[in-house]
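> structure of the sequence below:
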Amino acid sequence: MDKKSPIPAYYQLATEIEQKIDAHVWLPGYCIPSERSLAETYQLSRMTVRQALGELVQKGILVREKGKGTFVCEKSIKQRNIMSFTEMMQGLGIDFTTEVICFDKIYPEEDMFLPFEDEEVYLIKRLRIVKGVVIGEETIYIPSSLLPDLKKSDIQSSFYKYLDEKGLSVYESDASIQAVLMNETYYETFGVTQHLPLIQVTSKNYSDEGALIFVEESVYRSDKYMFQVNVARREGYLK
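Residues are numbered from 1 along each chain as shown. Prediction:
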């Protein structure tokens, strides 16, 4: 800890703790030393230690459990841009499986609020499973006229890659992200009995010509999966 550095002490401590976690010195589930212990070890005030830990909790690296302590979280899978789940997981070197639980054709009901009026669409539901744990359920709606020959086996792997092969590459995605509450359906979907933090992502996916290709409504465990969004101000940009 360099107390002469212009870098704030809490930030230095947070960085050192994160490095220990990245180096697998402190593994997921490990209860880290108490605020008092860390303050004595690094000769810092408990307020500084508390601020460092708070930063790491906000980043999803640590989690506090009342009456028990502060623990190292399992690493979340982070998605930064438009990328298929398959490509992202392969890039991270993470083994996973996909289970297609619904593959059907429907005419959307009015209360589904889908932008496909009087049009037959595929209803596709897939579970994304990592190390035997369901981390997400993805629901896709795509007009059957775009993919008349689509088969269930075609969506066992990357749907984005399949679209590319059919000349339907996704150029832009308009997505909304919100927290959702656990209910009986989600308990069953994720195969759990305890309450879990969930996020719902609804996206409309367009071609480079601005044509809507498909709509996706997905729910993920936010303790296992994280979306990172970059927001920038661009002068003269209007959409």
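> helices of the chain, start to end?
Secondary structure of the chain (DSSP state H): helices located at 9-22, 35-42, 46-58, 85-92, 159-165, 184-190.
> mean pLDDT lowest where, among the ones you listed?
Among the helices of the chain, helix 85-92 carries the lowest mean pLDDT, at a mean of 59.
> residues near the nearest residue to residue 42 once chain neighbours are set aside, how many?
If the residues on either side of it in the chain are set aside, residue 42 comes closest to residue 1, at 5.1 Å by C-beta to C-beta, 6 or more residues apart in numbering. Heads up, the C-betas are built off the backbone N, CA and C, glycines and all. Neighbourhood size, residue 1 [other C-beta atoms under 10 Å]: 11.
> residue 1 is in contact with residue 8, isn't it?
No. Judged on C-beta atoms under 8 Å, residue 1 makes no contact with residue 8 at a distance of 11.2 Å.
> and the spatially closest residue to residue 20 that is not a sequence neighbour, what does it touch?
Leaving aside its sequence neighbours, residue 20 sits nearest to residue 26 (C-beta to C-beta, 6+ apart; 4.9 Å). Residues in contact with residue 26 (C-beta atoms under 8 Å, 6 or more residues apart in numbering) are 17, 20, 32, 72.
> neighbours around residue 56, how many?
Neighbours of residue 56 under the rule other C-beta under 10 Å: 21.
> please report how far it lies from residue 13.
Residue 56 is 9 Å from residue 13, where distance means C-beta to C-beta, to the nearest Å.
> picking that back up, how near is the residue nearest to residue 20 to residue 106?
Using C-beta to C-beta, residue 26 is found at 48 Å from residue 106.
> try residue 223
Distance, residue 223 to residue 106, using C-beta to C-beta: 32 Å.
> and what of residue 97?
Distance from residue 97 to residue 106, counting by C-beta to C-beta: 26 Å.
> more neighbours, those two?
Legend: neighbour count by other C-beta under 10 Å for residue 97 and residue 106, higher for residue 106 (15 against 12).
> the more buried one pairs with what?
Beta-bridge pairing of residue 106 under DSSP bridges involves residue 121.
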